[in-house]
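*Asks:* Sequence first, then the predicted structure:
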Amino acid sequence: MPSKESTPRRGCADIWNAFMVRDAKFCGEDEIPFCPSTLTQIPSRLLGYDQIGSIFDSRALVHCYLDDQKFDGSGGLWHSPHDNLKRLKKFAGVITPDFSTYQDMPQALKIFSTYKMRALGYWLTQQGVPVVNNVRWGDPDTYRYSFAGLPANSVLAVGTHGCIKRKENHFRFERGLEKMVEKLTPHTILVYGSTGLPIFQWLREQKVTIVEYPSKISIAMAGRRQCDE
């Protein structure tokens with residue numbers, strides 16, 4: 001599909017961040033921007049967006065597996081991308097933001113969240129920031145757009161923290177992850193949170209590299225247990 005016209009009409013403010021998708025390709029019936037995965041080296045550490053103002057580690061990959069209010073407010077990534085760009089360039093790269101796609105959200109909002117993930121990620125690649133695509137899905141009716149705009153045979157990222165606490169969510173997550181791998185055949189998957197579900201062992205057996213990063217809460221709990229011992 002040809003690139004969309006991204007120049008706002010004269011006298012109109014670009015409130016939709018159309019500049020982000022200038023010269024981008026759009027995928028599927030929902031016209032999700034294509035975002036390449038441009039990270040070339042897998043970092044040993046992830047750092048939350050809410051920490052980059054107080055902690056600096058040039059080897060860390062910035063993630064947004066956080067409550068949306070911590071990265072999507074008035075000064076956040078989507079609303080103030082230029083203000084954030086200089087800070088993000090100091091790190092090893094960025095996992096595209098995990099804009100919420102809750103089960104009870106209207107489908108239109110879930111599609112828009114997916115659009116924003118890819119659009120912001122694409123723009124960051126154009127600014128020279130190494131990017132890994134975050135992938136977020138729900139029930140099978142979300143697969144149409146959840147996997148759109150993503151490269152095949154690349155590095156992808158998923159978050160398990162908070163989304164597999166309940167047993168009824170395990171099957172939904174595993175089924176979606178299996179579909180993602182079937183469709184996109186990633187060679188490496190970065191996982192924020194636990195990789196204890198059986199599907200991760202199956203993926204390792206399929207020669208997919210799984211890189212686990214413990215969540216901030218699990219690190220804090222491990223430290224607390226050590227103090228109690």
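*Replies:* Cool, the structure landed. Computed from a prediction, not measured in an experiment: that's the story for all the values here. Residues are numbered from 1 along each chain as shown.

*Asks:* Got the phi and psi for the residue most central in space within the chain?
*Replies:* With distances taken as Cα atoms, centre = their mean, the residue of the chain nearest its centroid is Asn134 (2.3 Å). Per-residue torsions, Asn134: phi -80, psi 140 (degrees, to the nearest 10).

*Asks:* Quick check: bridge partners of it?
*Replies:* Ala157 (DSSP bridges).

*Asks:* per-residue confidence for it?
*Replies:* Asn134 carries a pLDDT value of 98.

*Asks:* how about it, what does it touch?
*Replies:* Asn134 is in contact with His63, Cys64, Ile95, Thr96, Pro97, Asp98, Met117, Leu156, Ala157, Val158, Gly159, counting by Cβ atoms under 8 Å, 6 or more residues apart in numbering. Heads up, the C-betas are built off the backbone N, CA and C, glycines and all.

*Asks:* so how far is Ser54 from it?
*Replies:* Plainly put, Asn134 is 23 Å away from Ser54 if you go by Cβ to Cβ, to the nearest Å.

*Asks:* Can you get me a residue count around Ile210?
*Replies:* Neighbours of Ile210 under the rule other Cβ atoms under 10 Å: 14.

*Asks:* Could you pull up the residues touching it?
*Replies:* By Cβ under 8 Å, 6+ apart, Ile210 lies in contact with Thr188, Ile189, Val191, Thr195, Phe200, Leu203, Arg204.

*Asks:* Excluding chain neighbours, what is closest to Thr160?
*Replies:* Distances taken as Cβ to Cβ, 6 or more residues apart in numbering put Gly193 closest to Thr160, at 3.6 Å, once the chain neighbours are dropped.

*Asks:* Pull up the per-residue confidence for the one you found.
*Replies:* The model reports Gly193 with a pLDDT of 94.

*Asks:* tell me which helix or strand of this protein sits lowest on mean pLDDT?
*Replies:* Of all helical and strand segments in the chain, the minimum by mean pLDDT, DSSP states H and E falls on helix 216-228, at a mean of 47.

*Asks:* could you dump the lengthiest helix in the chain to CSV, C-alpha only?
*Replies:* If you go by DSSP state H, the chain has its longest helix at helix 107-126. Output of helix 107-126 as CSV, limited to C-alpha atoms (Å, rounded to 0.1, in the frame of the first residue of the first chain):
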residue,chain,number,x,y,z
GLN,A,107,-12.1,-2.3,19.3
ALA,A,108,-11.5,1.1,17.7
LEU,A,109,-9.4,2.2,20.7
LYS,A,110,-7.4,-1.1,20.6
ILE,A,111,-6.7,-0.5,16.9
PHE,A,112,-5.6,3.1,17.7
SER,A,113,-3.3,1.9,20.4
THR,A,114,-1.7,-0.6,18.0
TYR,A,115,-1.4,2.2,15.4
LYS,A,116,0.4,4.4,18.0
MET,A,117,2.9,1.7,18.8
ARG,A,118,3.9,1.3,15.2
ALA,A,119,3.8,5.0,14.3
LEU,A,120,6.0,6.1,17.2
GLY,A,121,8.3,3.2,16.6
TYR,A,122,8.7,4.0,12.9
TRP,A,123,9.4,7.7,13.7
LEU,A,124,12.0,6.7,16.3
THR,A,125,13.8,4.5,13.7
GLN,A,126,13.8,7.5,11.3
